[in-house]
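# what shape does this take:
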Amino acid sequence: MNHKHIFAFAIVTLMTVVGCEEPAVRVRSLPVPAAEQPSSNLPAALHQRNWTGSLGQGSCVHASLVNHLRWLNEFELGERWRTTYSDGEWDSRLRDRLDAAGIDYSYTIKADPRFLDWASNTRRGAILWWKPSHCCTFVGWVNRDGKQYAGILDNNYPGRFELTPREQFVRLWAGYGGFALTVLNDPSSSLPYRSYEVIQ
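Numbering: from 1, shown residues only. Model prediction:
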């Protein structure tokens, strides 16, 4: 065997020996962070306060929708909505305006808590009728001390979330009309939900 063959044999042998074993990989597992509560935790600096429109009426529906759109990272749409609409609003006209703007949404008019379960679980949130003649932003269910509460961002009191026990909340929400609406900014996870599909 000449020197070239011996050298080549030595290289192949070294490659075979060195490449046989893979080094052990050590991975340190990290604790799973707790789920954020509320699930639609819009930072206080982005909370939209209610404003008075040209007709002298509060714009709570539009302020709630602006908060909702900001949470969905639809800042440009939220700003356009804020500068376009104001004063009082009702659910059918709001849906007409969303339809005209080509904005997809799901809603209920029957205070169906399954709708809010879905809005909370998917971290979308919603707007809804809450308190007499008022609209607020539902920011998700909050679990505390073994109980579940509705988290609400009231545009008359930005900077904080209000908590109401679930059963009490659903009962009162039904008394205020039972309307809730969620904008669908992700078509791949849209829920084809309309309140008339709810089984009575």
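# all contacts plus neighbour counts: C-alpha atoms, from now on.
Fine.
# so which helix or strand takes in the residue nearest to Asn41 when sequence neighbours are not counted?
Among residues not flanking Asn41 along the chain, Val139 sits closest, at 6.5 Å (Cα to Cα, 6 or more residues apart in numbering). Mapping Val139 onto the secondary structure by DSSP states H and E places it in strand 135-144.
# what's the helix or strand for Ser64?
Under DSSP H and E, the secondary-structure element containing Ser64 is helix 60-71.
# angles on the backbone of Trp81, please.
phi -60, psi -40 (degrees, to the nearest 10).
# residue contacts, it?
Contacts for Trp81 were tallied using Cα atoms under 8 Å, 6 or more residues apart in numbering; they are His62, Val66.
# least confident secondary structure element in this structure?
Sorted by mean pLDDT, DSSP states H and E, the helices and strands of the chain end with helix 3-18, the least confident at a mean of 53.
# hmm, back to that, same for the helix or strand just after the strand holding Val139, what does it pack against?
Toward the C-terminus, strand 135-144 is succeeded by strand 147-153 as the next helix or strand (DSSP H and E). With contacts defined as 3 or more Cα pairs under 8 Å, 6 or more residues apart in numbering; DSSP states H and E, strand 147-153 has these neighbours: strand 135-144, strand 162-165, helix 166-175.
# what's the closest non-adjacent residue to the most centrally placed residue in the chain?
Geometric centre of the chain, nearest residue: Arg124, 2.1 Å, by Cα atoms, centre = their mean. Once flanking residues are discounted, Arg124 sits nearest to Ser40: 6.3 Å by Cα to Cα, 6+ apart.
# tally of neighbours for the one you found?
For Ser40, the tally of surrounding residues (other Cα atoms under 10 Å) stands at 24.
# what pLDDT does it get?
As predicted, Ser40 sits at a pLDDT of 92.
# so it sits right up against Trp71, yeah?
Yes. Taking contact to mean Cα atoms under 8 Å, the distance of 6.7 Å between Ser40 and Trp71 places them in contact.
# what touches both of the two?
Between them, Ser40 and Trp71 share these contacting residues under Cα under 8 Å, 6+ apart: Arg124.
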